[in-house]
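K.L.:
How does the following fold in three dimensions:
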Amino acid sequence: MGTTLHIRDNIEQSYGDVYTPEALEALEFMARFNGEQKALMEKRTQRRKRRYESKERITFLDPDSLIPRTNLKVQDARDGKFEGPEIPHDLKTQWIQGTGPAAKPNSPVEKSIRNVAYALLSGADGWMFDGEDALGQISTMSLDNQRNLKLAIARDEVFMKTAEGVAGQMNSWGRDFFGHDIIEDWEKQLDFTTVIFRARGLHLDDRHIRDADGVALSASVVDMTLFVVNNYRELAKRNSSIVLYLPKIQTAEEAALWNEMLSALEGHIGLPEGTIKVYVLIEQLEETFQLMEIRAVLGKHFAGFNTGRWDYINSVSDAMAWDEDFVNPNIESITMTYGYMRNYEDRVRRAVNTPDVNGNFALWQGGMEPNIPVGSKEGVESSMEKAYAGAVREQQEGASGKWVAHWKMVHIIRPVWDKVGEENQLGREFPLLTYTQEDADGLILLEPAPRTIRGARNLLSVGLQYGNAFGQGFQAAALKPADFFGNDDILYLMEDAATGEIRLSILWEWIHKGAELTEDDPETGLKAGDTFTVEVFERLLEEEYAKLQAASDRDVHDISKPTTLPIAKQIVRAYVLDDVKVPWYIDLLNINLNNHDHEVASQRIELYMTEFAGNDTRITENLDFVI
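P.N.:
Got it, this is the predicted structure:
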């Protein structure tokens, strides 16, 4: 069939199993939302600019107002006067959800699809297959991700053969680590884990499709449409729910657009409204001011919230960029019990435990556990004790479950909920949400904590490494600061785009707000009370970059040292030093995907910085996709 959509190069033919006639027809139908998505993102940018220029804090909505795009009154949403769903059978117990992409960069399908096999054999109650922060976007990885999920959900022969081999390897690890197999019947095990898909956020555009007017198509539209259309029949055969994670929502108005898109897609393919269920990641400060409103506008689609720690820290930093008195400490200090994080978590749990008009509650999936049990015996034991204690804390605070970043962590963390034995935490009693100035102040509450040169080195090293990994197609990467390379007592952490964002955001704060160090640093000669200056940053940047260039291939791929690592350095420097704080590190990384030419990178970085500073315009399209 013909289509008015513009698809890059010949990938429509190469990915005919993803761009099926039914999928293309649905994409063409859903493209009607492209203009509305662009308009909402422009509204978001202007709101951010206004707050920055007028030094304006985020506030709660007027309780007597209507939520934009709906007929819902704000106060009614807060009071639970809306109709949500009952939790579907395969989401009622989600003690542990694993996270990660369904594809690997530059890999044949037999190797790439191993990611899905590890996930579905992991014993996790659910697995959030990522189309966003953890999925590399070089070449056609977003389509490899969709293809692999389709093959796995359909139990294609390629997937089943791979899964059988992976099961043996997982059992080998289980025998070494626990003294026993972790998989009894690998084919039966595949049906245990609920498949969940995270679409890209409204702030991103797809790299491969433009609409009839030549405008890049919303990545949210592309991701949700391809996943749902390609898999809804197979999921229905197994009585499995269609479940999505929705990221980076900032307002109830944006959630309302998502709800319209979900309902439109359901109607287009003949599904009853509310069939698709969604979790919403609470990873933006403004979201936390509108939790009940977001839950209400998503109505029967809404299943629960997730506390997305790293992106949330970044959003707080970004929203408070205008306030010279708001300066974060070392990132290691910003745990879920720290000031504004503690209050954010509390609002999420209170929101999900507020009943709707039918008495239905919602789920709260706890935050990410980034540790990976690979290292020295002492290092693994120490890190696993901390990870386990963190899970115990979240369970006791009321989380229905937790996220882990690696399949091995499923077996280490799941016993926390297993011992308690509760299906979930629906309806646990917490005070109803309030909307006072004290509540608003609590969401930006800073507490005394270290701000050190060691902390700055960690921020810089991992920020550089992440940008480099991104350029190589690894948006989820096991990283640690360069000074700890070779030290197996310090474990690698699974990092994704969110962790790159917050590292640069904090460095920007420290320079542009004249942050004071809290401890002496013998190596640089700086003292407690000294200011973190541009000169200090430049010195640390050169030193940390040199360490990465000198690192082994195990820690920094040799192939990246003359290609993507220098570009990552350019981007980090431009972002951190510019007086105008750009909203997303990932924007600068995206416009340099598949580019290893340093001069071209310089031109693209300058173009982006100039456009944003002068016109408040983010460049989100694929600059290499010319019609």
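K.L.:
Quick check: residue 343 touching residue 440?
P.N.:
No: with contact defined as C-beta atoms under 8 Å, residue 343 does not count as touching residue 440 (9.8 Å). Using the backbone N, CA and C atoms, a C-beta is placed for each residue, glycine as well.
K.L.:
now the strands for this protein?
P.N.:
For the chain, the strands defined by DSSP state E cover 6-7, 96-100, 126-130, 194-198, 205-210, 216-218, 242-246, 276-282, 302-307, 363-369, 401-404, 477-479, 493-495.
K.L.:
Return the list of strands paired to the first one, each annotated with direction.
P.N.:
Think strand 6-7. The strands beside strand 6-7 in its sheet (DSSP bridges) come out as strand 205-210 (antiparallel).
K.L.:
Convert the C-alpha atoms of the strand it pairs with to CSV, please.
P.N.:
Coordinates of each C-alpha in strand 205-210 appear next as CSV, following Å, rounded to 0.1, in the frame of the first residue of the first chain:
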residue,chain,number,x,y,z
ASP,A,205,11.4,12.7,17.4
ASP,A,206,11.9,9.5,15.5
ARG,A,207,15.0,9.3,13.3
HIS,A,208,13.5,7.3,10.5
ILE,A,209,10.0,8.7,9.7
ARG,A,210,8.7,12.1,8.7
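K.L.:
what sits opposite residue 494 in the beta ladder?
P.N.:
Taking DSSP bridges, one obtains residue 478 as the residues bridged to residue 494.
K.L.:
Quick check: pLDDT value at it.
P.N.:
Looking at residue 494, its pLDDT stands at 74.
K.L.:
contacting residues for it?
P.N.:
370, 371, 372, 405, 406, 476, 477, 478 (C-beta atoms under 8 Å, 6 or more residues apart in numbering).
K.L.:
likewise residue 461?
P.N.:
Neighbouring residues of residue 461 by C-beta under 8 Å, 6+ apart: 481, 482, 483, 544, 547, 548.
K.L.:
Can you tell me how far the first one is from residue 96?
P.N.:
When C-beta to C-beta, to the nearest Å is applied, the distance between residue 481 and residue 96 equals 28 Å.
K.L.:
before we move on, back to that, weakest of the strands of the chain in terms of mean pLDDT?
P.N.:
Mean pLDDT across the strands of the chain is lowest at strand 493-495; the value there is a mean of 76.
K.L.:
Can you pull the phi/psi pair for the residue lying closest to residue 379 once chain neighbours are set aside?
P.N.:
Once flanking residues are discounted, residue 379 sits nearest to residue 489: 3.9 Å by C-beta to C-beta, 6 or more residues apart in numbering. Torsion angles at residue 489 (phi, psi; degrees, to the nearest 10) stand at phi -80, psi -20.
K.L.:
give me the number of residues near residue 489?
P.N.:
By other C-beta atoms under 10 Å, 13 other residues sit near residue 489.
K.L.:
From what I see, it and residue 378 are in contact.
P.N.:
Yes: here residue 489 lies in contact with residue 378, judged by C-beta under 8 Å, at a distance of 5.7 Å.
K.L.:
ok now the helix or strand of the chain with the lowest mean pLDDT, how far from the chain's centre?
P.N.:
Lowest on mean pLDDT, DSSP states H and E among the helices and strands of the chain sits strand 493-495, with a mean of 76. In this view, strand 493-495 has its centroid 12 Å away from the chain centroid, taken as C-alpha atoms, centre = their mean, to the nearest Å.
K.L.:
Then stretch 125-141?
P.N.:
For stretch 125-141, the distance from its own C-alpha centre to the chain's C-alpha centre is 9 Å (C-alpha atoms, centre = their mean).
K.L.:
which residues does residue 302 contact?
P.N.:
84, 85, 277, 278, 280, 295, 362.
K.L.:
correction: residue 500
P.N.:
Residue 500 sits next to 462, 463, 466, 467, 470, 585, 586, 589 when contact means C-beta under 8 Å, 6+ apart.
K.L.:
Report the separation between it and residue 474.
P.N.:
Residue 500 sits 11 Å away from residue 474, taking C-beta to C-beta as the criterion.
K.L.:
re earlier: wait, which of the contacts of residue 494 is closest to residue 69?
P.N.:
Residue 69 lies nearest to residue 476 out of the contacts of residue 494, by C-beta to C-beta, at 33.2 Å.
K.L.:
hang on, the earlier thing: of all the strands of the chain, which one comes closest to residue 70?
P.N.:
Checking the strands of the chain against residue 70 by C-beta to C-beta gives strand 302-307 as the closest, at 13.5 Å.
K.L.:
between the closest one and strand 363-369, how big is the angle?
P.N.:
Angle between the axes of strand 302-307 and strand 363-369 is 30 degrees (criterion: axes from the mean of the first three to the mean of the last three C-alpha atoms, to 10 degrees).
K.L.:
What strands line up against strand 302-307, and which way round?
P.N.:
Strands adjacent to strand 302-307 in the sheet, as given by DSSP bridges, are strand 276-282 (parallel), strand 363-369 (parallel).
K.L.:
Now those in CSV, please, with extra columns for distance to residue 122.
P.N.:
Converted to CSV, the strands paired with strand 302-307 look like this (distance: least, C-beta to C-beta, whole Å):
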stretch, distance to residue 122
strand 276-282, 19
strand 363-369, 13
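K.L.:
Dump those into JSON lines; add mean neighbour count and distance to residue 611 as well.
P.N.:
Shown next, in JSON lines, are those (neighbours: other C-beta atoms under 10 Å; distance: least, C-beta to C-beta, whole Å):
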{"stretch": "strand 276-282", "mean neighbour count": "24", "distance to residue 611": "28"}
{"stretch": "strand 363-369", "mean neighbour count": "26", "distance to residue 611": "33"}
